[in-house]
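J.: sequence? don't have it. structure:
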């Protein structure tokens, strides 16, 4: 009897440990009682840089962070380098192509600067519907597939106190 | 015998679950092999806002995040509201007093905007020494006690591709 109880308790505790780990991982997802959608963690902060090599060297060599290689994303008009810093990344962006959406930012901020923050949501369609009803202007009528292959939408900086806010629908994997 | 083994396994698994949870919590702290100090997670993103009530309402009521009350920090020349979003906070800042360090930013960015990012380090003195040796200008010769009661230093935006970067020495508690 004890042998069976031992096995059962062991299994339960393993399940519990896995569940705890999972809950910690997604602990940003606090559910608001009054909403059908909820906000999660900050996925990334996007910085625009005039020199991707120099910025990469700053975060990798001077500050000692883990960074990715350069990833050209022609569909999004940017080349990106991911800087891994715990649960929230820095994304270093540089314009790619003639119609890059960050060209005008780069012209206004020749030394570079902070471009946007991206916060995860669990249900982007519900979030968009709700935000529209609350008079927050969205920069597109429909969610688009973002640089991580997940649906994203940008909120108008004029409705977010001068800050460009991106919402990204978080999937089951790490993004 | 099984009873004792059951108790032992139970205790071990509880310990393991606690350890896993702890490791997940501090998983941002990746050690660079070549440095005596290391970079951790992004502690916060600071946004300056012309209207703290309105910005608080945006994050709390419209986006559904957990936010703190207004905390006046006269020594730092700001009133701050903390927005909890997973492991990385947003800090909403508004100038306080005549000599606020964010007054000139507020004048230049009347609608508000992104002010700085704060990254944790495990040893701020070693980080400062190392960064000085690597020709990164620091905005103060010595670390100061920041808004969380921990030692902080700011790096010159001209050496960080137009971005104001704060380093904060992470303690054992949550900051």
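T.: That came through, no problem. This is a predicted model, so every value here is computed, not measured.
J.: Give me the nearest residue to the residue nearest to the spatial centre of chain A, chain neighbours excluded.
T.: Taking CA atoms, centre = their mean as the criterion, residue A:43 is the residue nearest the geometric centre of chain A, at 2.7 Å. Using CB to CB, 6 or more residues apart in numbering or on different chains and skipping residues adjacent in sequence, the residue nearest residue A:43 is residue A:118, 4.4 Å away. Every residue, glycine included, has its C-beta placed from N, CA and C.
J.: Could you give the bridge partners of the one you found?
T.: residue A:44, residue A:166 (DSSP bridges).
J.: ok, it to chain B distance?
T.: Distance of residue A:118 to chain B, given as CB to the nearest CB, to the nearest Å: 11 Å.
J.: follow-up on the earlier one: does the residue nearest to the centre of chain A touch residue A:170 like I think?
T.: Yes - look at residue A:43 against residue A:170 with CB atoms under 8 Å: they come within range, at 7.5 Å.
J.: ranges for the helices of chain A?
T.: Here chain A has its helices, by DSSP state H, at A:2-25, A:52-57, A:103-108, A:124-133.
J.: Return the helix or strand in chain A with minimum mean pLDDT.
T.: Between all helices and strands in chain A, the lowest mean by mean pLDDT, DSSP states H and E belongs to helix A:2-25, at a mean of 52.
J.: residue contacts, residue A:60?
T.: A:66-67, A:83 (CB atoms under 8 Å, 6 or more residues apart in numbering or on different chains).
J.: Could you check how far it is from residue A:171?
T.: Distance, residue A:60 to residue A:171, by CB to CB, to the nearest Å: 27 Å.
J.: got it, and residue A:69?
T.: Using CB to CB, we find residue A:69 at a distance of 23 Å from residue A:171.
J.: Those two: which has the busier surroundings?
T.: Looking at residue A:69 and residue A:171 with other CB atoms under 10 Å in any protein chain shown, you find the greater number of neighbours at residue A:171, namely 13 against 7.
J.: quick one, what contacts residue A:121?
T.: With contact set as CB under 8 Å, 6+ apart, residue A:121 has these partners: A:37-40, A:127, A:167-170.
J.: Serialize those residues to JSON lines and add fields for distance to residue B:113.
T.: Output for the contacts of residue A:121, formatted as JSON lines (distance: CB to CB, whole Å):
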{"residue": "A:37", "distance to residue B:113": "26"}
{"residue": "A:38", "distance to residue B:113": "26"}
{"residue": "A:39", "distance to residue B:113": "21"}
{"residue": "A:40", "distance to residue B:113": "23"}
{"residue": "A:127", "distance to residue B:113": "23"}
{"residue": "A:167", "distance to residue B:113": "19"}
{"residue": "A:168", "distance to residue B:113": "21"}
{"residue": "A:169", "distance to residue B:113": "26"}
{"residue": "A:170", "distance to residue B:113": "26"}
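J.: near chain B, which of those show up?
T.: A:37-40 (CB under 8 Å from any CB of the partner chain).
J.: Adding pLDDT, write the residues you listed out as JSON lines.
T.: Shown next, in JSON lines, are the ones next to chain B among the contacts of residue A:121 (pLDDT from 0 to 100):
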{"residue": "A:37", "pLDDT": "95"}
{"residue": "A:38", "pLDDT": "94"}
{"residue": "A:39", "pLDDT": "95"}
{"residue": "A:40", "pLDDT": "95"}
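J.: Sort out for me which of those residues are in strands.
T.: Counted as lying in strands by DSSP state E, out of the ones next to chain B among the contacts of residue A:121, are A:39-40.
J.: Nearest to residue B:53 among the ones next to chain B among the contacts of residue A:121?
T.: Residue B:53 has its nearest neighbour among the ones next to chain B among the contacts of residue A:121 in residue A:39, at 19.6 Å by CB to CB.
J.: follow-up on the earlier one: from the contacts of residue A:60, keep the buried residues only.
T.: A:67, A:83 (16 or more other CB atoms under 10 Å in any protein chain shown).
J.: in chain A, which segments are predicted with low confidence?
T.: Residue ranges of chain A with pLDDT under 70: A:1-34, A:172-175.
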